[in-house]
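Novice: Attaching a predicted model along with its sequence, questions to come.
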Amino acid sequence: LALTATACGGDGAEGGKSASGKLSGTVTWWDTSTVGSEDKVFKKLAEGFTALHPDVKVNYVNVPFGEAQNKFKNAAQSGSGAPDVIRSEVAWTPEFADLGYLAPLDGTPALTSDEDFLPQAAASTEYDGKTYAVPQVIDSMGIFYNKRVFQEAGVRPPASIAELKSVAKKIKDKTGKTGLYLRGDDAYWFLSFLYGEGGNLVDVEKKQITVDNPAGVKAMEVVEDLVDSGAAKTDATDGWNNMQTAFKDGKVAMMINGPWAVTDTYAGKEFADRSNLGIVPVPAGSGGQGAPQGGHNLAVYAGSENLDASYAFVEYMTSAESQATVAEDLSLLPTRSSVYDEPSVSGNEMVAFFKPVVDKAVERPWIPEGGSLFAPLLTEYTKVLTGQTTPQKGAEAVGEAYRKLLKDWK
Ligand SMILES: C[C@H]1O[C@H](O[C@H]2[C@H](O)[C@@H](O)[C@@H](O[C@H]3[C@H](O)[C@@H](O)[C@@H](O[C@H]4[C@H](O)[C@@H](O)[C@@H](O)O[C@@H]4CO)O[C@@H]3CO)O[C@@H]2CO)[C@H](O)[C@H](O)[C@@H]1N[C@H]1C[C@@H](CO)[C@H](O)[C@@H](O)[C@@H]1O
């Protein structure tokens, strides 16, 4: 008599494992990847799971990046409507784990060959001595530039803020185009300038708020000056679309961005010839050089009624083969070291550029409040860029907000 362990899932679907170990039921996966450039690759990959496990139905749901975090927290809190698996951004993972919304994965089939994961990618999945997610992609940022415009202006890619300004001036004089598009509605775009001044948002070891120290104020002055001097243009809203459109249409010569922008950028008329897209490290400031570490993990909802199939699905989606497919199709960076040895991956120019960048990217504090540091930073960053506050006042306001958020920090 084949005993089938069945349980009614959150969405009423049956799930579980038959005595023969065959997986069954439904796995609902909330993917946050960009619709129109990344989603179709991830959807196709996810649905490939059924080829391996015919009795498992994968319910692929794309939830916009800006909505998924709170939508998941609300569903998990109410115990209704949460997915079995969520694409959990690196900063969401410690927060979800701290709230008890994620299934610990140590010792489960979700986590295989975990010594193969890049340590900096694995770091965001570990919380309180347990592993709560599996790294899917890791990323950082660089300067994307239009080689044709650079040739027309007779300039070379900038390596410092000073060179960024002089290159932008030459481009404006020779071609009439603005040098840089600096995204103003997402504070992630501020971090490489902060690191360039030798600053950081906080110092985790010392439990210190550092965003409002002199380096933090200087970084706000740097971005303010890039806009006021005409070297860069920015927007307070709809930054992603404005940045991509301006760069893809050749209206600006540079943008700062990450691997997740590559596929969409290649769709631009300026980059139909992909060799016209150049990429170099973010500029050095007066205090150093550094780009932020970002990325996404796959995590299993602690209340999933189909843990067995969810573990297997996460393992499949983060396997070396899956990561190689995603790197080839989307130029996204694998989180498994072994995948970089695949010829199709190491031969990808974008992956080859970003791997050393990711290896020395500035790691973020993997604390539950880590993601919450961005909302107050965004408010002041946008105000500085649009002349509504001064760098000094902006940085101080962020520091004040952080001291409310991180009570016992100095
Ligand atoms: C404000 C947010 O601050 C932080 O986010 C940081 C983030 O921590 C940084 O790492 C960085 O993320 C990189 C990312 O690493 C990089 O991969 C890429 O991601 C691509 C994907 O690659 C692409 O596939 C596709 O998905 O699209 C993705 C996005 O393009 O670019 C990201 C940067 O965009 O920067 C984020 C800051 O934006 C908080 O964590 C919250 O997210 C918070 N938002 C909440 C706010 C709540 C209401 O207040 C609202 O109710 C809540 O629902 C919202 O969640």
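Specialist: That came through, no problem.
Novice: Mind listing the strands the longest strand seen in the chain pairs with, and their directions?
Specialist: For the chain, the strand that runs over the most residues, judged by DSSP state E, is strand 23-31. Sheet pairing for strand 23-31, assigned by DSSP bridges, gives strand 14-18 (antiparallel), strand 56-62 (parallel), strand 85-89 (parallel).
Novice: Kindly reformat those strands as CSV containing distance to the ligand and mean pLDDT.
Specialist: Where you see a C-beta, it was placed from the backbone N, CA and C, and this is true even at glycine. What follows is the strands paired with strand 23-31, written out as CSV (distance: least, Cβ to the nearest ligand atom, whole Å; pLDDT from 0 to 100):
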stretch, distance to the ligand, mean pLDDT
strand 14-18, 27, 68
strand 56-62, 9, 98
strand 85-89, 5, 98
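Novice: what's the most buried one of these?
Specialist: strand 85-89 (a mean of 27; mean count of other Cβ atoms under 10 Å).
Novice: which residues are in contact with that strand?
Specialist: 27-33, 65, 68-69, 72, 96, 102, 133, 136, 294-301, 304, 310, 313-314, 317, 371 (Cβ atoms under 8 Å, 6 or more residues apart in numbering).
Novice: Going along the chain, name the helices of the stretch 151-300 of the chain.
Specialist: 161-175, 191-196, 214-228, 239-248, 262-266 (DSSP state H, counting those that start in this stretch).
Novice: Out of the ones you listed, which gets nearest to the ligand?
Specialist: Of all these, helix 239-248 sits nearest to the ligand, with 6.3 Å by Cβ to the nearest ligand atom.
Novice: Number of residues surrounding L118?
Specialist: 19 (other Cβ atoms under 10 Å).
Novice: quick one on the thing from earlier: wait, does the longest strand of the chain contact the ligand?
Specialist: No. Judged by Cβ under 6 Å from any ligand atom, strand 23-31 makes no contact with the ligand; its nearest approach is 8.4 Å.
Novice: Next, the buried residues of that strand.
Specialist: For strand 23-31, a neighbour-count test (16 or more other Cβ atoms under 10 Å) marks L23, S24, G25, T26, V27, T28, W29, W30, D31 as buried.
Novice: could you dump these to TSV with distance to L182?
Specialist: Shown next, in TSV, are the buried residues of strand 23-31 (distance: Cβ to Cβ, whole Å):
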residue	distance to L182
L23	48
S24	51
G25	47
T26	44
V27	40
T28	38
W29	34
W30	31
D31	29
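Novice: Report pLDDT for whatever residue of the stretch 201-350 of the chain ends up closest to the ligand.
Specialist: Nearest to the ligand, among the residues of the stretch 201-350 of the chain, is G294, at 2.4 Å (Cβ to the nearest ligand atom). As predicted, G294 sits at a pLDDT of 98.
Novice: Also C8?
Specialist: For C8, pLDDT reads 39.
Novice: pLDDT score for the nearest residue to Y266 once chain neighbours are set aside?
Specialist: In space, and not counting its chain neighbours, Y266 is closest to R274: 5.7 Å by Cβ to Cβ, 6 or more residues apart in numbering. As predicted, R274 sits at a pLDDT of 97.
Novice: how far away is R274 from T265?
Specialist: Using Cβ to Cβ, to the nearest Å, one gets 9 Å for the distance from R274 to T265.
Novice: more neighbours, these two?
Specialist: Comparing R274 with T265 by neighbour count (other Cβ under 10 Å), the higher total belongs to T265, at 21 against 11.
Novice: hang on, isn't that one packed against Q244?
Specialist: Yes. Counting by Cβ atoms under 8 Å, T265 does reach Q244; the two are 6.8 Å apart.
Novice: Using CSV, list the CA coordinates for stretch 202-209.
Specialist: Presented in CSV, the C-alpha positions along stretch 202-209 are these (Å, rounded to 0.1, in the frame of the first residue of the first chain):
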residue,chain,number,x,y,z
VAL,A,202,27.1,52.1,9.2
ASP,A,203,30.0,50.4,10.9
VAL,A,204,28.7,47.0,12.0
GLU,A,205,31.7,46.0,14.1
LYS,A,206,31.6,49.2,16.1
LYS,A,207,27.7,49.4,16.0
GLN,A,208,28.2,53.0,14.8
ILE,A,209,26.1,55.1,12.4
